[in-house]
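Participant: sequence first, predicted coordinates after that:
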Amino acid sequence: MNNNVLLLVEDNSDDVELTIYALKKNNIMTELAVARDGIEALDYLFGTGTFTGRDTRDMPKVILLDLKLPKIDGLEVLKRLRENENTKSLPVVVLTSSKEEKDVIRSYQLGANSYIRKAVDFSQFFDDIREIVNYWLVLNVADRTGKGD
C-alpha cells in the first residue's frame, strides 16, 4: 500500500498546476491524486464510479479539499467522509479561497482537521504547500485504523 498519497480536490486548473509546481519546487516526493469535483473525490475515496475497483485500503495520507466545487461542494464531501467508517479519520485540510466565517465554522463542525485560506501571493502559496505537506505527510502520526478513536 502507498501511504504517501496526497488527494487534491480542486476544480480550478490554475490552482492544480500551482500545487503541482509547488510540490516540485519544494522537492516534495509524493504521489498526487487530483479530483476536480465532489463526485470524483467521493468516487476515488469509495472506489465507485470511474474508480470502481480501486483498492480502497490504499487511502491518501491527507486530503486537500476546496469548498467551492461543482456537482457536490466541499462541505458535503467532508460530511460524507466523516459519516463513513472507512474514511472518517482521514486527515482533511480545507484549502480554499473562502473568507466566509460560516465556512470556517461549518468545516470544523463537520470534522475538518485544518482550515487554510489560499494565499494569493505565489511565493506564499509555495511556502504554504510546503508547510502543509511537511506537517501532514512527514510529522503527523495518522490514525490508520479508520476508527477515529
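Facilitator: Thanks, I have the structure now.

Participant: which residues of this structure score low on pLDDT?
Facilitator: Where the chain drops to pLDDT under 70, the residues are 1-3, 142-149.

Participant: ok, which stretches of it are helices?
Facilitator: Ranges of helices within the chain are 13-25, 38-46, 74-83, 101-109, 122-133, based on DSSP state H.

Participant: deepest-packed of the ones you listed, please.
Facilitator: Neighbour counts (mean count of other Cβ atoms under 10 Å) averaged over each of the helices of the chain peak at helix 38-46, with a mean of 22. Glycine gets a C-beta too; all of them are placed from N, C-alpha and C.

Participant: other SSEs contacting that helix?
Facilitator: strand 5-9, strand 31-35, helix 74-83 (3 or more Cβ pairs under 8 Å, 6 or more residues apart in numbering; DSSP states H and E).

Participant: pull out the buried positions in the second one.
Facilitator: Counting neighbours by 16 or more other Cβ atoms under 10 Å, one finds that the buried residues in strand 31-35 are 32-35.

Participant: and the spatially closest residue to R130 that is not a sequence neighbour, what does it touch?
Facilitator: Closest residue in space to R130, ignoring its immediate chain neighbours: N26 at 4.2 Å, by Cβ to Cβ, 6 or more residues apart in numbering. Shown in contact with N26 (Cβ atoms under 8 Å, 6 or more residues apart in numbering): 126, 129-130, 133.
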